[in-house]
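K.L.:
Predicted structure and sequence below. I'll ask about it afterward.
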Amino acid sequence: MQFNQEGVNQRGDQFSQGQQQQCQQEEFNPQSFQKQRTIGQVSNSFQRRLTEREKNNVKGHVFLEPKWNNSFHLETPILGVITLIILAIYFCFLFSGRIEADKDKLIYGSIALILYIIECCTNGVVGYLRNQMSVRELQNYLNEIKQMNFELKFNVSSYHYQYRSHYDSEKKRNVRSQETVYTYNETFEYPVGQTVDETEDSTVFFEKAKYFRIHSFVTYSFGDQQSARYYDDMIKLARNKAKSRDTFQSESEDQNCQGLKTTLLAYQDGVKLDPMLSVPVYIIYCLVGLSLLYRILLNQRVSFLEHCVHKKVYMDLNKVNPEVYQFEMVRQNVQYQQIIMNNQAQIINQQQQILQQQQQGILNQNMQQPLQPNYNYPQQPINDVPNPMN
């Protein structure tokens with residue numbers, strides 16, 4: 001997550017100012033947005049937005065844009081789709097008579113029911129319904145976020161694959177299984193000192209809708225080059241240690257803002273809350289198998305706001321990891337030795353080029369000059385040369 005902080009801040013400020021001016025000029029109407037009717041269109045829209053953000057190099061801006069079935073956008077849709085497919089297959093087999101034994105009906109039905117319950121509890125809707133607050137409470141909560149502590153960790157692990165051969169339960173065929181064996185796992189914690197909140201002001205959006213959902217996430221940047229360089233050295237040290245332990249490596253970054261609620265549902269002050277926006281009503285929809293319908297209705301009535309919490313991080317010199325510091329010193333020594341060797345090689349090449357040029361100049365000078373007579377010996381006229389026949 002390393003990026004040019006100054007450029008990102010400038011482009012992010014320009015984007016947010018333009019977005020706010022556009023929202024102030026146009027009156028917001030949630031029903032005026034074009035609803036997307038298929039999951040594929042939602043996925044394509046999300047991918048297009050990500051491409052535009054990468055193209056503009058804008059990291060973490062605020063925008064207001066309702067979408068069809070927003071929980072499919074925020075959470076992974078694979079579990080929900082698999083659950084619906086399993087339920088459809090189960091009922092098809094049940095009514096077609098292919099599942100005849102009561103034991104099989106109980107097993108398959110229990111599996112489908114468990115998956116459906118997991119899907120209902122993990123689709124993100126419950127998080128919005130549990131965390132409800134008014135706009136005034138939301139503003140106080142956003143002020144509390146500015147004082148929250150920020151944690152940054154980098155996890156690395158090394159592993160290899162182990163293959164085993166065994167016979168199946170009926171002992172008729174040999175089955176080969178693959179098992180992942182982890183041999184090294186370590187977490188490197190970044191020494192966070194001072195943190196400055198650089199979150200964009202999103203209060204301009206709060207008066208644009210009666211109800212709106214907020215999805216909050218955290219991003220960060222470094223306040224100076226020393227803090228960013230230490231993080232790069234920490235990652236390099238972690239990767240080197242992981243590579244020296246085993247064949248394969250995996251890594252992950254954990255950034256956490258303590259006390260941050262990722263999902264919120266806010267409403268205007270003095271507005272009577274819709275009875276539909278409650279956990280009991282959602283449970284009733286789930287019991288009758290209409291959890292997907294509830295999400296569609298929720299999206300049609302409630303707009304969506306993405307809120308990025310931006311923290312600028314400075315390193316604490318008193319909490320520096322000695323291994324990272326030693327790794328930095330070794331890296332600097334290696335770079336210094338490499339610079340010396342490169343300079344020596346350049347000097348030798350320059351000397352060789354000068355010597356070749358001198359030799360080539362001397363050779364060219366000798367080729368251009370005419371042959372001179374030898375004045376060291378006396379020369380006789382041709383007529384005075386004695387004839388040996390006489």
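P.N.:
Great, that's in hand.
K.L.:
could you check the distance from the closest residue to residue 222 other than its chain neighbours over to residue 219?
P.N.:
Spatially, and ignoring its direct neighbours in sequence, residue 222 is nearest to residue 228 (3.9 Å; Cβ to Cβ, 6 or more residues apart in numbering). For the C-beta atoms, the positions are set from N, CA and C on the backbone; glycine is no exception. When distance is defined by Cβ to Cβ, to the nearest Å, residue 228 is 15 Å away from residue 219.
K.L.:
All the strands of the stretch 251-390 of the chain, residue numbers only.
P.N.:
Using DSSP state E, counting those that start in this stretch, the strands found in the stretch 251-390 of the chain span residues 263-267, 303-315.
K.L.:
same check, this time on the stretch 101-250 of the chain
P.N.:
Counting by DSSP E, counting those that start in this stretch, the strands of the stretch 101-250 of the chain are 132-134, 150-167, 174-189, 192-197, 211-222, 248-257.
K.L.:
can you pull the buried residues of the shortest one?
P.N.:
Applying a neighbour-count criterion of 16 or more other Cβ atoms under 10 Å, one finds 132, 133 buried in strand 132-134.
K.L.:
average pLDDT for it?
P.N.:
Mean pLDDT, strand 132-134: 89.
K.L.:
Pairing partners for that strand, with directions?
P.N.:
Strand 132-134 pairs in its sheet with strand 263-267 (parallel), by DSSP bridges.
K.L.:
Ok, the second one next?
P.N.:
Listed by DSSP bridges, the sheet partners of strand 150-167 and their directions read strand 174-189 (antiparallel), strand 248-257 (antiparallel).
K.L.:
Let me have these in a markdown table, extended by mean pLDDT and distance to residue 297.
P.N.:
Output for the strands paired with strand 150-167, formatted as a markdown table (pLDDT from 0 to 100; distance: least, Cβ to Cβ, whole Å):
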| stretch | mean pLDDT | distance to residue 297 |
| --- | --- | --- |
| strand 174-189 | 85 | 43 |
| strand 248-257 | 88 | 31 |
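K.L.:
Tell me how far residue 88 lies from residue 289.
P.N.:
12 Å.
K.L.:
Hmm, I typed the wrong one, I wanted residue 273.
P.N.:
26 Å.
K.L.:
quick one: low-confidence parts of the chain?
P.N.:
1-84, 86-87, 90-105, 166-173, 175, 327-339, 363-390 (pLDDT under 70).
K.L.:
quick one: the helices in it?
P.N.:
For the chain, applying DSSP state H gives helices covering 5-25, 39-56, 70-74, 78-96, 102-122, 125-130, 135-145, 225-243, 279-287, 291-301, 322-368.
K.L.:
If you count neighbours, what's buried in the fifth one?
P.N.:
By neighbour count with 16+ other Cβ under 10 Å, helix 102-122 contains the buried residues 108, 112, 115, 116, 119, 120.
K.L.:
And those, which is closest to residue 180?
P.N.:
When the buried residues of helix 102-122 are ranked by distance to residue 180 (Cβ to Cβ), residue 115 comes first, at 24.6 Å.
K.L.:
Surely residue 155 and residue 187 touch.
P.N.:
Yes. With contacts counted by Cβ atoms under 8 Å, residue 155 reaches residue 187, the gap being 5.0 Å.
K.L.:
for the strands of the stretch 101-250 of the chain, which one ends up most surrounded?
P.N.:
Compared across those, strand 211-222 shows the largest average neighbour count, a mean of 20 (mean count of other Cβ atoms under 10 Å).
K.L.:
With residue 155 as the reference, measure out to residue 323.
P.N.:
With Cβ to Cβ as the criterion, residue 323 and residue 155 are 16 Å apart.
K.L.:
swap that for residue 342, please
P.N.:
Using Cβ to Cβ, we find residue 342 at a distance of 36 Å from residue 155.
K.L.:
Over to residue 204?
P.N.:
From residue 204 across to residue 155, the span is 38 Å (Cβ to Cβ).
K.L.:
sorry, back to before: okay if I get the strands paired with strand 150-167 as a markdown table plus distance to residue 151?
P.N.:
Supplementary listing: those in a markdown table, determined by distance: least, Cβ to Cβ, whole Å:
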| stretch | distance to residue 151 |
| --- | --- |
| strand 174-189 | 7 |
| strand 248-257 | 5 |
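K.L.:
Nearest to residue 304, out of those?
P.N.:
Taking Cβ to Cβ, strand 248-257 is the member of the strands paired with strand 150-167 nearest to residue 304, at 20.7 Å.
K.L.:
send the alpha carbons of that closest one over as CSV?
P.N.:
Backbone C-alpha positions of strand 248-257 (Å, rounded to 0.1, in the frame of the first residue of the first chain) are rendered in CSV as follows:
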residue,chain,number,x,y,z
PHE,A,248,6.4,-21.4,-0.1
GLN,A,249,5.5,-18.1,1.6
SER,A,250,2.3,-16.2,2.3
GLU,A,251,1.9,-12.7,3.6
SER,A,252,-0.8,-10.4,4.7
GLU,A,253,-1.2,-6.9,6.1
ASP,A,254,-3.5,-6.0,9.0
GLN,A,255,-4.6,-2.4,9.5
ASN,A,256,-7.0,-1.8,12.4
CYS,A,257,-8.5,1.3,13.9
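K.L.:
Nothing else from me, thank you.
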